[in-house]
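Chemist: Quick one, fold the following:
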Amino acid sequence: MKKTRLLITAALMSAAISSSAYAGVWQQDTTGWWWQNDDGTYPANCWQWIDGNGDGISEYYYFNENGYCLMNTTTPDGNTVDASGAWTVNGIVQTQIAAPVLPTTPPTTQTTQANTIAGISTTPYDGYTIIVNTNTGKYHNPSCRAVSDMNAANMGYCSDASYLDAQGYSACKLCH
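Modeler: Just a heads-up that it's a prediction; the model follows:
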(Lines give C-alpha, C1' and ligand atoms only; values in the text may rest on other atoms or scores of the structure.)
Protein backbone atom coordinates (compact mmCIF):
# COMPACT_ATOMS: atom_id res chain seq x y z
CA MET A 1 0.00 0.00 0.00
CA LYS A 2 2.80 2.43 0.92
CA LYS A 3 4.68 1.65 -2.30
CA THR A 4 1.54 2.30 -4.34
CA ARG A 5 1.02 5.66 -2.62
CA LEU A 6 4.70 6.53 -3.18
CA LEU A 7 4.43 5.72 -6.89
CA ILE A 8 1.21 7.73 -7.23
CA THR A 9 2.82 10.67 -5.41
CA ALA A 10 5.88 10.40 -7.67
CA ALA A 11 3.67 10.41 -10.76
CA LEU A 12 1.76 13.48 -9.57
CA MET A 13 4.99 15.30 -8.75
CA SER A 14 6.32 14.38 -12.18
CA ALA A 15 3.26 15.91 -13.82
CA ALA A 16 3.68 19.08 -11.76
CA ILE A 17 7.34 19.36 -12.72
CA SER A 18 6.58 18.76 -16.39
CA SER A 19 4.12 21.62 -16.65
CA SER A 20 6.19 24.15 -14.70
CA ALA A 21 9.61 23.26 -16.16
CA TYR A 22 8.51 23.71 -19.76
CA ALA A 23 9.58 27.37 -20.14
CA GLY A 24 9.70 27.66 -23.90
CA VAL A 25 9.25 25.66 -27.07
CA TRP A 26 11.37 24.24 -29.87
CA GLN A 27 10.67 25.85 -33.25
CA GLN A 28 11.77 24.71 -36.72
CA ASP A 29 11.94 26.25 -40.16
CA THR A 30 13.82 25.37 -43.36
CA THR A 31 17.09 26.62 -41.85
CA GLY A 32 16.96 24.59 -38.63
CA TRP A 33 15.83 24.41 -35.02
CA TRP A 34 15.79 27.17 -32.39
CA TRP A 35 14.45 27.57 -28.86
CA GLN A 36 11.83 30.24 -28.26
CA ASN A 37 11.59 31.35 -24.62
CA ASP A 38 8.15 32.06 -23.12
CA ASP A 39 8.79 35.79 -23.43
CA GLY A 40 9.40 35.48 -27.21
CA THR A 41 13.19 35.85 -27.02
CA TYR A 42 15.63 33.19 -28.13
CA PRO A 43 19.24 32.36 -27.26
CA ALA A 44 21.95 33.35 -29.75
CA ASN A 45 25.74 32.94 -29.65
CA CYS A 46 25.54 31.01 -26.41
CA TRP A 47 24.95 27.75 -24.61
CA GLN A 48 21.65 27.21 -22.81
CA TRP A 49 20.35 24.44 -20.52
CA ILE A 50 16.92 23.39 -21.79
CA ASP A 51 14.41 20.88 -20.49
CA GLY A 52 12.54 20.69 -23.78
CA ASN A 53 10.43 17.63 -22.96
CA GLY A 54 9.58 18.61 -19.37
CA ASP A 55 11.12 15.50 -17.77
CA GLY A 56 13.04 17.48 -15.14
CA ILE A 57 16.38 16.86 -16.89
CA SER A 58 17.99 19.63 -18.95
CA GLU A 59 20.39 19.15 -21.82
CA TYR A 60 22.93 21.78 -22.89
CA TYR A 61 22.53 23.24 -26.40
CA TYR A 62 24.65 25.72 -28.38
CA PHE A 63 22.91 28.37 -30.49
CA ASN A 64 24.72 30.23 -33.29
CA GLU A 65 24.65 33.99 -34.00
CA ASN A 66 21.27 33.60 -35.74
CA GLY A 67 19.78 31.62 -32.86
CA TYR A 68 19.85 28.21 -34.54
CA CYS A 69 20.85 25.14 -32.57
CA LEU A 70 24.04 23.50 -33.83
CA MET A 71 23.61 19.76 -34.41
CA ASN A 72 25.95 16.85 -35.05
CA THR A 73 29.05 19.05 -35.13
CA THR A 74 31.75 20.77 -33.10
CA THR A 75 30.79 24.11 -31.52
CA PRO A 76 32.96 27.23 -31.85
CA ASP A 77 34.41 26.57 -28.37
CA GLY A 78 35.49 23.04 -29.35
CA ASN A 79 32.73 20.97 -27.73
CA THR A 80 30.70 18.35 -29.56
CA VAL A 81 26.94 18.15 -29.97
CA ASP A 82 24.93 15.16 -31.17
CA ALA A 83 22.24 14.92 -33.85
CA SER A 84 19.67 16.45 -31.49
CA GLY A 85 22.05 19.32 -30.63
CA ALA A 86 22.77 18.16 -27.07
CA TRP A 87 26.31 18.59 -25.69
CA THR A 88 28.22 15.32 -25.50
CA VAL A 89 31.45 14.24 -23.86
CA ASN A 90 32.91 11.01 -25.24
CA GLY A 91 29.54 10.33 -26.89
CA ILE A 92 27.53 10.74 -23.65
CA VAL A 93 24.87 13.48 -23.48
CA GLN A 94 25.56 15.78 -20.54
CA THR A 95 22.56 16.64 -18.37
CA GLN A 96 21.60 18.46 -15.22
CA ILE A 97 18.54 18.44 -13.02
CA ALA A 98 16.18 21.15 -14.26
CA ALA A 99 13.94 21.92 -11.30
CA PRO A 100 14.42 20.04 -8.05
CA VAL A 101 11.31 19.42 -5.99
CA LEU A 102 11.59 18.80 -2.27
CA PRO A 103 9.71 15.67 -1.21
CA THR A 104 7.64 15.74 1.96
CA THR A 105 9.00 12.45 3.29
CA PRO A 106 12.53 10.99 3.56
CA PRO A 107 13.59 8.78 0.67
CA THR A 108 12.98 5.05 0.59
CA THR A 109 13.49 2.55 -2.23
CA GLN A 110 12.70 4.65 -5.28
CA THR A 111 12.21 4.15 -8.97
CA THR A 112 14.31 5.94 -11.60
CA GLN A 113 11.43 8.39 -12.09
CA ALA A 114 11.35 9.17 -8.37
CA ASN A 115 15.14 9.71 -8.40
CA THR A 116 14.72 12.21 -11.22
CA ILE A 117 11.99 14.01 -9.29
CA ALA A 118 14.15 14.16 -6.17
CA GLY A 119 16.96 15.82 -8.13
CA ILE A 120 19.23 12.81 -8.22
CA SER A 121 20.63 11.66 -11.53
CA THR A 122 20.74 7.96 -12.36
CA THR A 123 23.62 8.60 -14.78
CA PRO A 124 27.01 9.77 -13.50
CA TYR A 125 28.97 12.55 -15.15
CA ASP A 126 32.02 14.59 -14.22
CA GLY A 127 30.07 17.22 -12.26
CA TYR A 128 28.69 14.69 -9.78
CA THR A 129 30.88 14.21 -6.74
CA ILE A 130 28.47 12.48 -4.35
CA ILE A 131 27.09 8.96 -4.66
CA VAL A 132 23.62 8.40 -3.22
CA ASN A 133 22.20 5.07 -2.05
CA THR A 134 18.50 5.58 -2.76
CA ASN A 135 17.67 2.40 -0.84
CA THR A 136 19.27 3.41 2.48
CA GLY A 137 18.93 7.19 2.17
CA LYS A 138 22.69 7.71 2.77
CA TYR A 139 25.14 9.62 0.59
CA HIS A 140 28.86 8.91 0.18
CA ASN A 141 32.14 10.20 -1.20
CA PRO A 142 33.12 8.21 -4.32
CA SER A 143 36.06 6.67 -2.42
CA CYS A 144 33.91 5.38 0.47
CA ARG A 145 34.15 1.63 0.99
CA ALA A 146 30.35 1.43 1.28
CA VAL A 147 30.05 2.42 -2.40
CA SER A 148 31.65 -0.84 -3.56
CA ASP A 149 28.88 -2.79 -1.78
CA MET A 150 26.04 -0.85 -3.39
CA ASN A 151 23.65 -2.37 -5.89
CA ALA A 152 23.90 -0.32 -9.10
CA ALA A 153 20.08 -0.15 -9.26
CA ASN A 154 20.10 1.82 -5.99
CA MET A 155 22.86 4.27 -6.96
CA GLY A 156 22.23 7.90 -7.75
CA TYR A 157 24.54 10.86 -8.27
CA CYS A 158 24.42 14.44 -7.07
CA SER A 159 26.82 17.37 -6.66
CA ASP A 160 25.29 19.19 -3.69
CA ALA A 161 25.32 17.73 -0.15
CA SER A 162 23.13 20.53 1.22
CA TYR A 163 20.51 19.68 -1.41
CA LEU A 164 20.63 16.02 -0.35
CA ASP A 165 20.28 17.04 3.32
CA ALA A 166 17.18 19.04 2.39
CA GLN A 167 15.81 15.95 0.61
CA GLY A 168 16.04 13.92 3.83
CA TYR A 169 19.20 12.01 2.91
CA SER A 170 21.96 11.73 5.52
CA ALA A 171 25.74 11.61 5.25
CA CYS A 172 27.55 8.31 5.63
CA LYS A 173 29.32 8.16 9.01
CA LEU A 174 32.32 6.42 7.42
CA CYS A 175 33.19 9.10 4.87
CA HIS A 176 31.66 12.36 6.17
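Chemist: Is Gln28 bridged to anything, and to what?
Modeler: Legend: beta-bridge partners of Gln28 under DSSP bridges are Trp33.
Chemist: Kindly report the same for Ser58.
Modeler: Applying DSSP bridges, one finds that Ser58 bridges with Gln96.
Chemist: Find the residue ranges of the chain scoring beneath the pLDDT cut-off.
Modeler: Across the chain, the ranges flagged by pLDDT under 70 are 1-23, 98-129, 153.
Chemist: Please verify my assumption that Tyr60 contacts Cys46.
Modeler: No: taking Cβ atoms under 8 Å as the definition, Tyr60 is not a contact partner of Cys46, at 10.6 Å. Glycine gets a C-beta too; all of them are placed from N, C-alpha and C.
Chemist: For the two, indicate the residue with more neighbours.
Modeler: Tyr60 (18 against 11; other Cβ atoms under 10 Å).
Chemist: Verify the stated contact: Tyr68 with Trp33.
Modeler: Yes: Tyr68 is within contact range of Trp33, at 6.7 Å (criterion: Cβ under 8 Å).
Chemist: Name the next helix or strand downstream of the helix or strand containing Ile131, please.
Modeler: Using DSSP states H and E, Ile131 falls within strand 130-133. For strand 130-133, the following helix or strand on the C-terminal side (DSSP H and E) is strand 138-140.
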